[in-house]
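[1] Sequence and predicted structure below; questions after.
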Amino acid sequence: MGLRRSFNNTFSPYLSGIDRPLFATIVAVCLFSIFNIYGIGGTDNPFFTKQIIFVCLGVVLMSVLSFFNYRYLKNYSLVVFSLYIISVALSLMPFLFPSIRGVQSWIVIGGLTFEPAELVKLALVVFMAKYFSQRHIHINDYRHIIVSGLYCMIPIGITLIQPDLGSAIIMFLVWMGMLLAVGLNKRQLFVLAMLLLVVGTAGWMFALKPYQKVRVVSFLNPGNDPYGSGYNLIQSKIAIGAGHWFGSGWRNGPQTKNGFLPEPYNDFVFASTADQFGAVGVGGVMLAIVFIISRIIFIGEKASSNFGRLFAIGIMIIISAHAVIGAGVNLGLLPITGIPFPFISYGGSHLLSLMIGLGILQSINRYG
């Protein structure tokens with residue numbers, strides 16, 4: 001009884017203010033990521049220990065930030081603008097460091113790496129929530145669409161130069177999703193669609209690197225170069241197929257265990273999960289993601305401010321886009337973009353940014 005009373009006294013103030021189903025599901029999926037990564041490479045790989053650290057730190061950050069009153073972001077423009085400027089400045093720093101696999105997306109300090117694009121995604125959600133919450137009544141003014149687009153295009157442009165097409169797509173989806181959330185009329189939607197068509201065509205011709213174009217071509221027909229550009233996608237499909245319904249068993253995925261599947265901890269963690277746990281395993285992960293998204297929507301709907309509602313929409317877009325694109329890439333339905341699958345991919349930058357955002361979301365739940 002004494003231990004139970006002590007537990008209640010310690011955790012009741014925290015648990016009473018948060019969305020408990022959301023918290024429990026996030027922790028469960030994160031714990032599964034540790035279990036899954038161990039199954040991929042055992043304790044001999046450095047990813048296992050680091051993932052434990054990232055998960056523990058992420059849960060602590062989410063818990064602490066749930067007590068941070070989100071109204072500071074809602075009410076103080078200088079705080080939000082400073083966060084935006086800092087994130088954009090950090091996104092320029094990878095150009096000072098050597099490239100990794102031909103991409104300059106990481107800040108490397110000693111044995112630690114940090115990907116600023118993940119912080120930029122979160123900063124854009126905060127910034128767009130602040131911007132549109134103050135102007136949603138006048139959103140039909142094209143000026144606000146253009147200005148908000150310029151704020152987003154700056155980090156998107158920097159990210160494309162690195163080049164990191166996947167993160168740039170996520171940032172663009174945050175902007176478009178939040179624009180649609182605040183309400184655009186049919187004429188504005190048509191103009192934006194035409195503009196996107198022009199920009200997309202120009203981007204394909206002048207912005208995309210040759211290897212990125214090859215990725216699209218290999219996605220359409222990976223069999224044209226099975227040992228080159230199409231290799232990753234072919235191995236991913238084989239791993240998913242090898243898992244069948246219930247998988248080959250923990251630590252027994254043939255494609256993963258024998259080293260055929262590339263990037264099993266990151267880009268192709270969905271396939272390595274299917275290799276071990278089958279369609280039932282990845283289906284459970286997807287159901288957990290859907291449940292997390294449903295709780296985010298629930299918190300957003302009951303938020304008392306436009307900022308809270310829009311912030312929830314932004315976090316939902318990030319998680320949904322990462323999950324849909326990540327699964328689509330592994331299944332061969334989308335070209336390879338190199339973005340992590342939410343919660344179960346290895347990597348501190350993405351996971352910690354998500355947990356910070358979810359901590360702010362829990363603050364919205366706590367303070368209304």
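    Perfect, I can see it now.

[2] chain center to the longest helix along the chain, what's the gap?
    If you go by DSSP state H, the chain has its longest helix at helix 269-302. With C-alpha atoms, centre = their mean, to the nearest Å as the basis, helix 269-302 stands 13 Å off its chain's centre.

[3] Just give me the neighbour total for Y346.
    Per other C-beta atoms under 10 Å, the neighbour tally for Y346 reads 26. For every residue, glycine as well, the C-beta is placed using N, CA and C.

[4] Give the other helices and strands that the longest helix of the chain contacts.
    helix 20-41, helix 231-243, helix 254-257, helix 306-331, helix 348-367 (3 or more C-beta pairs under 8 Å, 6 or more residues apart in numbering; DSSP states H and E).

[5] Would you format the ones you listed as TSV with mean neighbour count and mean pLDDT included?
    Below are these laid out as TSV (neighbours: other C-beta atoms under 10 Å; pLDDT from 0 to 100):
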stretch	mean neighbour count	mean pLDDT
helix 20-41	19	95
helix 231-243	21	89
helix 254-257	22	86
helix 306-331	23	95
helix 348-367	23	95
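
[6] mind giving me JSON lines with those and columns for distance to L83?
    Shown next, in JSON lines, are the helices and strands packed on helix 269-302 (distance: least, C-beta to C-beta, whole Å):
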{"stretch": "helix 20-41", "distance to L83": "23"}
{"stretch": "helix 231-243", "distance to L83": "35"}
{"stretch": "helix 254-257", "distance to L83": "39"}
{"stretch": "helix 306-331", "distance to L83": "13"}
{"stretch": "helix 348-367", "distance to L83": "11"}
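
[7] Which of the helices and strands in this protein ranks last by mean pLDDT?
    helix 2-15 (a mean of 60; mean pLDDT, DSSP states H and E).

[8] And the contacts of stretch 233-240?
    With contact meaning C-beta atoms under 8 Å, 6 or more residues apart in numbering, stretch 233-240 is reached by 218-219, 222-223, 226, 253, 255-256, 260-262, 268, 270-272, 274-275, 282, 329-332, 336.

[9] For those residues, which ChimeraX command selects only the ones that are buried?
    In ChimeraX syntax, the buried subset of the contacts of stretch 233-240 is picked out as below (16 or more other C-beta atoms under 10 Å):
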select :218,219,222,253,255,256,260,261,268,270,271,272,274,275,282,329,330,331,332,336
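
[10] now what about the helix or strand hosting L192, what contacts it?
    Assigned by DSSP states H and E, L192 belongs to helix 186-202. Outside of helix 186-202, the residues that reach it under the criterion C-beta under 8 Å, 6+ apart are 140, 142, 145, 176, 179, 184.

[11] repeat that with 7 Å
    I145 (C-beta atoms under 7 Å, 6 or more residues apart in numbering).

[12] quick one: buried residues of it?
    188, 192.

[13] Go ahead and produce CSV holding the CA coordinates of that helix.
    Taking Å, rounded to 0.1, in the frame of the first residue of the first chain, the C-alpha atoms of helix 186-202 are listed here in CSV:
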residue,chain,number,x,y,z
LYS,A,186,-11.6,26.6,-55.1
ARG,A,187,-9.8,29.3,-57.1
GLN,A,188,-6.9,29.3,-54.7
LEU,A,189,-6.6,25.5,-54.8
PHE,A,190,-6.6,25.7,-58.6
VAL,A,191,-3.9,28.4,-58.7
LEU,A,192,-1.8,26.4,-56.2
ALA,A,193,-2.2,23.2,-58.2
MET,A,194,-1.0,24.9,-61.4
LEU,A,195,1.9,26.5,-59.6
LEU,A,196,2.9,23.2,-58.1
LEU,A,197,2.8,21.6,-61.6
VAL,A,198,5.2,24.3,-62.9
VAL,A,199,7.5,24.1,-59.9
GLY,A,200,7.5,20.3,-60.0
THR,A,201,8.4,20.2,-63.7
ALA,A,202,11.2,22.8,-63.1
